[in-house]
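# quick one, what's the 3D model for this:
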Amino acid sequence: EVQLVESGGGLVQAGGSLRLSCGVSGFIFDDYGIGWFRQAPGKDREGVACIISSEDYTYYADSVKGRFTISADNAKNTVYLQMNSLKPEDTAVYYCAAGSNCVPNNWGQGTQVTVSS
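So this is what the prediction gives:
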């Protein structure tokens, strides 16, 4: 059974930092794309970042380039999203997802990130 469990969300002031973690089980970790998506109230879910460890591939949405960093610890089957210089518009529920070529097939339950101005 594929499982993805997010942690690390919370409330932070604008300009601050948070690190999200996604623990993964049930499949070969580094063969799949593990990505972060977010959904703000009243908005569509959007892709934020993705990593495919076996291909040394990363993707970032334009809105987070230079501020967010995705990384993977294969030994721990965990993907991280380091979020720096946070803005109020980064406020959303952040979801971890896994799938081939960063096309998500399995989702975590989500973690709330709130950035106050």
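# C-alpha only now, for contacts and for neighbours.
Will do.
# shaky segments in this structure?
For the chain, no stretch has pLDDT under 70.
# center of it, which residue is that?
residue 36 (2.7 Å; C-alpha atoms, centre = their mean).
# can you pull the contacts of that one?
47-50, 81, 94-97 (C-alpha atoms under 8 Å, 6 or more residues apart in numbering).
# and residue 23, by the same measure?
3-6, 76-79.
# could you check how far it is from residue 95?
For residue 23, the distance to residue 95 (C-alpha to C-alpha, to the nearest Å) stands at 12 Å.
# between these two, what contacts are shared?
If you check residue 23 and residue 95 against C-alpha under 8 Å, 6+ apart, the residues they both contact are residue 6.
# what's the neighbour count on residue 98?
For residue 98, the tally of surrounding residues (other C-alpha atoms under 10 Å) stands at 26.
# residue contacts, it?
Per C-alpha under 8 Å, 6+ apart, neighbours of residue 98: 32-35, 104-107.
# around the closest residue to it other than its chain neighbours, how many other residues sit close by?
Nearest residue to residue 98, sequence neighbours excluded (C-alpha to C-alpha, 6 or more residues apart in numbering): residue 34, at 4.5 Å. Neighbour count for residue 34, taken as other C-alpha under 10 Å: 33.
# from residue 99, how far off is residue 34?
For residue 34, the distance to residue 99 - C-alpha to C-alpha - is 7 Å.
# what is the end-to-end distance of stretch 91-107?
Stretch 91-107 end-to-end distance (C-alpha to C-alpha) = 19 Å.
# ok, now stretch 22-38?
14 Å.
# same question for stretch 103-117.
Per C-alpha to C-alpha, stretch 103-117 runs 33 Å from first to last residue.
# ok, now stretch 102-111?
First residue to last in stretch 102-111 (C-alpha to C-alpha) measures 20 Å.
# what does stretch 1-13 give?
Stretch 1-13: ends 37 Å apart by C-alpha to C-alpha.
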